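Colleague: mind folding the following:
(4 chains, ligands or ions: 6)
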Amino acid sequence: MSIARDDALNWIKAIAVVIGENSAHLTQLDADIGDADHGVNMDRGFKAVMKKLPEISDKDIGTMFKTIGMTLISTVGGAGGPLYGTFFLQAGMKTAGKMELNLAEWTDALDAALSGVIMRGKAELGDKTMVDALTPAVATLKQSVNEGQPINKALELSAEAAKKGMEGTIPLVARKGRASYLGERSAGHQDPGATSSYLILKAASDTWKDVGT
Amino acid sequence: MSIARDDALNWIKAIAVVIGENSAHLTQLDADIGDADHGVNMDRGFKAVMKKLPEISDKDIGTMFKTIGMTLISTVGGAGGPLYGTFFLQAGMKTAGKMELNLAEWTDALDAALSGVIMRGKAELGDKTMVDALTPAVATLKQSVNEGQPINKALELSAEAAKKGMEGTIPLVARKGRASYLGERSAGHQDPGATSSYLILKAASDTWKDVGT
Amino acid sequence: MKKLINKPENVVRESLEGIVYAHSDLVKVHYDPNFIVRADAPVMGKVGVLSGGGSGHEPMHGGFVGMGMLDAACPGAVFTSPTPDQMLEATKAVNGGAGVLHIVKNYTGDIMNFEMAAELARAEGIEVEAVVTDDDVAVKDSLYTAGRRGVGVTVLAEKLCGAAAEERSSLKDVAEICRKAKNLGRSMGMALTSCTVPHVGKPTFELPDDQMEIGIGIHGEPGRMRLDLKPADEIVEMLMEPIINDIPYKSGDEVLLFVNGLGGTPLVELYIIYRKAFEIAEKHGIKVVRNLIGPYITSLEMAGVSITMLKMDDEMLRLWDAPVKTPALRWGV
Amino acid sequence: MKKLINKPENVVRESLEGIVYAHSDLVKVHYDPNFIVRADAPVMGKVGVLSGGGSGHEPMHGGFVGMGMLDAACPGAVFTSPTPDQMLEATKAVNGGAGVLHIVKNYTGDIMNFEMAAELARAEGIEVEAVVTDDDVAVKDSLYTAGRRGVGVTVLAEKLCGAAAEERSSLKDVAEICRKAKNLGRSMGMALTSCTVPHVGKPTFELPDDQMEIGIGIHGEPGRMRLDLKPADEIVEMLMEPIINDIPYKSGDEVLLFVNGLGGTPLVELYIIYRKAFEIAEKHGIKVVRNLIGPYITSLEMAGVSITMLKMDDEMLRLWDAPVKTPALRWGV
Ligand SMILES: Nc1ncnc2c1ncn2[C@@H]1O[C@H](COP(=O)(O)OP(=O)(O)O)[C@@H](O)[C@H]1O
Ligand SMILES: Nc1ncnc2c1ncn2[C@@H]1O[C@H](COP(=O)(O)OP(=O)(O)O)[C@@H](O)[C@H]1O
Ligand SMILES: [Mg+2]
Ligand SMILES: [Mg+2]
Ligand SMILES: [Mg+2]
Ligand SMILES: [Mg+2]
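Modeller: Numbers count the residues shown, from 1 in each chain, chains lettered A, B, ... in the order given. Ligands and ions are numbered 1, 2, ... in the order given. Here you go, the predicted structure:
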C-alpha cells in the first residue's frame, strides 16, 4: 500500500486542525523564548492553506505541496513562514507529478524538505530549532525504509523520533532564531518550531495509521 | 494679654509642621476630587516660608504676613497658591506695623484675609471650598469679640467652627475649583482646601492656647 | 511607581536641563523662576505669545516654544499651575514692545496665577492680553462652576497665534485669533489607565482592568462616566458625538481633526482612532482639511486618547500651514 | 488587555486605513499584499529605499515613508516580519529604474523573507541590494548565533539613505551609506513594563513592580538581565557604557544621540534620560552634534527607552539635515 493523493490531502487538513488546537500553546512557548507569535502565525498560514485546498484537491501531490509552500510563504511571515514554506516547496519538487507515494518516496520528500529548511536557515543539529525535531524523524524514516517497515509503523517511529527531538530542545541553549538572544536563559524551554514540526509529523502518523505495507 | 509678634511667628512654624504632617492626607483628599497635589503644594510653600523666616523674625506682624503671602504665591502654584497668598497678604495689610494683636485686631485680619480669598476666587459659601471653613471661623471670632471672650477661648471656638465647616463640605457638590468638574460625583468627599484652612486655624488655637484675656 | 526619573522633586528641573542640551538652537531656559523662551527672544516689534501650565503634559507647552509658535512657556510643578513670578519674568523676557498674549487653560489655579501675573506685568507697563481656552465638552459649562477645562484646542491656538504674531499682527488681532480657536474648537478625552504623579507615587485613580473613564481630564480628574471597555470604534463614537453636537459642527464645515495620545498610548492605536473619527466626521458631512495625530497634550504615562475638532477658515488655514520650528512641531523650515 | 483597538486581527489593516485618511498627500497604501509607498512613487531615476518589519513599532517604518526617507514600507503582522510577496510588490512599485535598497533589521524571519523577496525581484530584472542593521549591543554578536538585533540605527539609516537617494546617488552608494550607519551606530534598550501582543491578550513577559529588564528587544524578547528598579541616571549609565565601549566611541568623535521611547514612556522622562546620556557622552569627550528624542521605534505600549549613538561625518551630517517630509519626521520643507 501507499500514501494516496487524498491521504496527503487529509494530512494537510489534519495539520490545519492540530495547529489550530495548539496555536495558543505554540504562541506561549514562543512567548517564553521568542516573541509570542509562532502559533498565531502558523495558524494564520494553515487557515489560508485550507482556503486554497479546493483549487488543488484534484492536482498531483507535488503541485499540492508546492502550492501549500507558496501559501505559507505569503501568509505566515516571521521565520516560520520561509522555513515551512521551503519545507513544502522542496517536498513538492520531490513529489512532482506523483499521485501516490511509497515509504521511500515519502522519505525522500521529507529529506528534501529538511535540507531546504537547513539551506534556508543554516541551523545545525542542536541549535534548538525545528531542525532538531525534523532530523531524527528523517533518520528514522530512512532506517525504516532499509528495514522494510510498513508505512504506518515507520510514520509512528518518525513521529516518536520527532517528539524526542522536540523534548531534547528543552535543555539546549539556542544558537539560531530569536531565542538565541537569550543565550543561557533560553535553556529550560521547549522550542516552539520544533514543537510545530513534531505536531506536523504526528499528524501524518495519525492520519495514515491505517496505511500498511 | 494679646498675640505678640513671636506668638505669630510660632503660629507660622506650627502651620509648617502640621501641613508637613498632613501633606499626604491633603493630597489624598485632592486625589479623590481634584488632582492630587494640594498637600504637596502647601508643603512646598510652607517649607519655603520656613526658609524665609530668619529674614523677617525681627519685623512687625504685618511685614511678616505679607512676606509669607508673597512666598506662598511664588512657590505653591495651583489654586492654593494665589488663595493662601492673598489670604496672608490681606492679613498683612490689616496688621501693618503691629508688634502685637488683640482679639479684635486678629479678627479684623482674618476677616480681611477671607475677603481677599473670596475676591480672588469668587467662591460663595457652599461652593465646597476653603471659604466654607474660613467663613464660620471668622463669624465666630466676631461673636467672641462682642462677647469679650478670652483670646484662647475665642481661637478654640473659631477652630471648632472651621472644623464643622470643613466637615460640612463632605455632602456638598463642588461649584468651584477642579472638584466642580465632577458635578454630583464630588459629593461625599471632604474638600482639601477647607481641610488645610481648618489645620491653619487649629494651629493658631493650639499655639496660642495659653494666651488669655 | 515605575518611572524613568531620579527624585520626584527633580523631574521638572532635570527635564528642562535635557531640553537645554537638546534644543539650545531653538530655545533658552531660565531657572528659578522656571521658564523657556525662544532662542532669539525678545523679538522686537512682535507680539509675544506666552503660555504655561503644570508639567506632565509634555510636549505642551515647552515643546512648542520656537519660531512660529510660542515665545515663552512657564512649566509649573507636575499638574500644578506655575506661579505669577514665573509668568511675570517670562512676560518681560519676551516683550518686544508690541505686548504679550497669555494663553491660559481654564483651570482655577491657572486663571488666578495668570491674573496675578497680568496685574503685575501691567503695573510694569507691559501690555498684556489673556485668552482662556475651555474646549473640553466632557464638563458641562455653567456660570456656577469653574466651567469647561482647557485641553487640545490650546495646542492648536498656540500654533495659530504664533503664526499670527510672526506676521506681526497686533496684540488685539493675535488675541482675536485665539478667541476664534477657543470658540470654534471642542474636545473630549478618555482613559484606559490612570497616571501616577511622581511625588504621590501611586495612581491618581483606580480603574479596573475591564473599565475605562470617559471624559477624563488631563490631570487625571475623573470624567463623565466609568464604563466597561468597548471596541475602539464605539469609544470614538462616544467622544465624537458630544464634540460634534456641542457648538455644533454642521455639514459643510471644514475642520482640523486632532487625535491626541495621552502619553502611554502607542501611535498604532491613535491611527485606528483617527480612522473612525475621520469616518464619523465625513458621515456628518464635515470635511477634514487638516489633521494632527500624536501625543501633544499628555497626562504623564496615562493610556488614553483625546479628540479635538477645530472649525477652520481661510485665515486659520494660512496660519496653520505657516512655518513652525519648535522641538515638538516643525514644518515649512 | 487594555487597548484602543477593535479586533486584534484588524489592527494592522485599520491603522493603515487611518494613515490613508491622514496622509494621502504623502503616501499611498496598497492592501493584500500590504505596503505603503510615497505618493509620487516610483520616482524615475531615483534609487528606491524600502524597509519593512513586523507592525507594533510605529512610526517605524510606515511613518517614515515620504520625500527624503523611505519610498516604501512593508508592515507585517504585529511583531512578525512581512512576507516576500509584500516586499516584491513594494519593490516593483518603487523601482524607478535605478534599483532598490532593502534595509533589513537583523532578525531571522526578516532576513529570510527579505532574501526570498530579493531573489524574486532579481528574477524579474530589478537590481536589489540589501543591508542588514544589527546595532543592539545587548546581544553578544557571534557567528554561531543570529547575531545582534537591528534597532534604533535602522531609523537613522532610513533617513540617511533616503536623503542620499534623493540626491540621486547610485544604488551602490546608497547601500554604502547604509553600511556606514550600520558600522558606526550602536544601541541598547531597557523596559519598565512588558507589552501585550493584541492576538495574545496578555503581557509577553511578567516584570515585577520593583524590577526592570535591561537589554530588552523591541519584540519584548527578554534582555541581558533583570534588575531592581534604579534611578534614571543609573539606568542611563547601564545603557551608555556598553554602547560607548562596543565599537568603541572615542574622545573627539561627533555623534548623533537618539533617545527613543518604547511606546508607553512620556516625553518628560525621555528628556531626563537625554540629559544624563548627553552628560555621559560629553564626559567621554564625545561631541553630540545632532539628536533625536521621541518614540520612533516602539514596542507597542511598552514603557521603556532605548539609546542609540551614531558616529557622524560631514557627509552623514549633510544627509541628516537634508529635507524630509514624512508623517513622522519632517523638516526643511
Ligand atoms: N535559522 C533557523 N533555522 C531553522 N529554524 C529556525 C531558525 N530560526 C528560527 N527557527 C525556528 O523558528 C521558530 C520561530 O518561528 P516564528 O516564531 O514563527 O518566527 P519568529 O522568530 O520570526 O517570530 C523557532 O522556534 C525555531 O524552531
Ligand atoms: N474659586 C475658589 N475659591 C476658593 N477656594 C478655591 C477655589 N477653587 C479652589 N479652591 C480651593 O483650592 C483647593 C485646591 O487647591 P490645590 O489643589 O492646591 O489647587 P489645584 O486645584 O489647582 O490643584 C480646593 O480644595 C478648594 O478648597
Ligand atoms: Mg516568534
Ligand atoms: Mg489640586
Ligand atoms: Mg493642581
Ligand atoms: Mg515573530
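Colleague: and the helices in chain A?
Modeller: A:5-33, A:38-56, A:61-75, A:80-94, A:103-121, A:131-147, A:151-168, A:192-207 (DSSP state H).
Colleague: for ligand 4, which of these is the nearest?
Modeller: Among the helices of chain A, the nearest to ligand 4 by CB to the ion is helix A:5-33 (41.6 Å). Heads up, the C-betas are built off the backbone N, CA and C, glycines and all.
Colleague: pick out the residue of chain A closest to chain C.
Modeller: residue A:37 (15.8 Å; CB to the nearest CB).
Colleague: picking up where we left off before, quick one: the helices of chain A as a markdown table, columns for mean neighbour count and mean pLDDT too.
Modeller: Output for the helices of chain A, formatted as a markdown table (neighbours: other CB atoms under 10 Å in any protein chain shown; pLDDT from 0 to 100):
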| stretch | mean neighbour count | mean pLDDT |
| --- | --- | --- |
| helix A:5-33 | 20 | 96 |
| helix A:38-56 | 21 | 96 |
| helix A:61-75 | 23 | 97 |
| helix A:80-94 | 26 | 97 |
| helix A:103-121 | 20 | 97 |
| helix A:131-147 | 21 | 98 |
| helix A:151-168 | 22 | 97 |
| helix A:192-207 | 25 | 98 |
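Colleague: measure the residue of chain A closest to chain C to residue D:222 for me?
Modeller: Distance, residue A:37 to residue D:222, using CB to CB, to the nearest Å: 15 Å.
Colleague: how about residue C:30?
Modeller: Applying CB to CB to residue C:30 and residue D:222 gives a distance of 44 Å.
Colleague: next up, the contacts around the residue of chain A closest to chain C.
Modeller: By CB atoms under 8 Å, 6 or more residues apart in numbering or on different chains, residue A:37 lies in contact with A:27, A:30, A:78, D:77-80, D:197, D:199-200.
Colleague: all strands for the stretch 51-200 of chain C, in order.
Modeller: With DSSP state E, counting those that start in this stretch as the criterion, the stretch 51-200 of chain C has strands at C:72-78, C:100-105, C:128-133, C:185-191.
Colleague: just put those in TSV and tack on distance to ligand 4.
Modeller: Shown next, in TSV, are the strands of the stretch 51-200 of chain C (distance: least, CB to the ion, whole Å):
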stretch	distance to ligand 4
strand C:72-78	11
strand C:100-105	14
strand C:128-133	19
strand C:185-191	18
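Colleague: out of those strands, which is closest to ligand 6?
Modeller: Closest to ligand 6 of the strands of the stretch 51-200 of chain C, according to CB to the ion: strand C:185-191, at 30.5 Å.
Colleague: who's in contact with the closest residue to chain A within chain C?
Modeller: Proximity of chain C to chain A (CB to the nearest CB) peaks at residue C:268, 15.8 Å away. By CB under 8 Å, 6+ apart, the contact set of residue C:268 is D:11, D:15, D:55-56, D:58, D:300.
Colleague: now the buried members of those.
Modeller: Listed as buried from these are D:11, D:15, D:55-56, D:58, D:300; burial here means 16 or more other CB atoms under 10 Å in any protein chain shown.
Colleague: do I have it right that residue C:197 meets residue C:56?
Modeller: Yes: between residue C:197 and residue C:56 there is a contact at 7.4 Å, judged by CB atoms under 8 Å.
Colleague: where do the contact lists of these two overlap?
Modeller: Joint contacts of residue C:197 and residue C:56 (CB under 8 Å, 6+ apart) are C:78-79, C:300.
Colleague: can you redo those as TSV with distance to ligand 1 and pLDDT?
Modeller: Formatted as TSV, those follow (distance: CB to the nearest ligand atom, whole Å; pLDDT from 0 to 100):
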residue	distance to ligand 1	pLDDT
C:78	39	94
C:79	41	93
C:300	33	97
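Colleague: measure how buried whatever residue of chain A ends up closest to ligand 6 is and give me the count.
Modeller: Here the residue of chain A nearest ligand 6 is residue A:78; by CB to the ion that distance is 3.8 Å. Here the number of neighbours of residue A:78 (other CB atoms under 10 Å in any protein chain shown) works out to 33.
Colleague: count of neighbours near residue C:313?
Modeller: The burial count for residue C:313: 10, using other CB under 10 Å.
Colleague: show me what contacts it?
Modeller: Counting by CB under 8 Å, 6+ apart, residue C:313 touches residue C:254.
Colleague: rerun that using 10 Å as the cut-off
Modeller: Contact analysis of residue C:313 by CB atoms under 10 Å, 6 or more residues apart in numbering or on different chains lists C:180, C:184, C:254.
Colleague: and for residue C:256?
Modeller: Contact partners of residue C:256, counting by CB under 10 Å, 6+ apart, are C:156, C:159-160, C:181, C:184-185, C:288-292, C:308-312, C:316-317, C:320.
Colleague: endpoints of stretch C:193-205, how far apart?
Modeller: This stretch, stretch C:193-205, spans 9 Å end to end (CA to CA, to the nearest Å).
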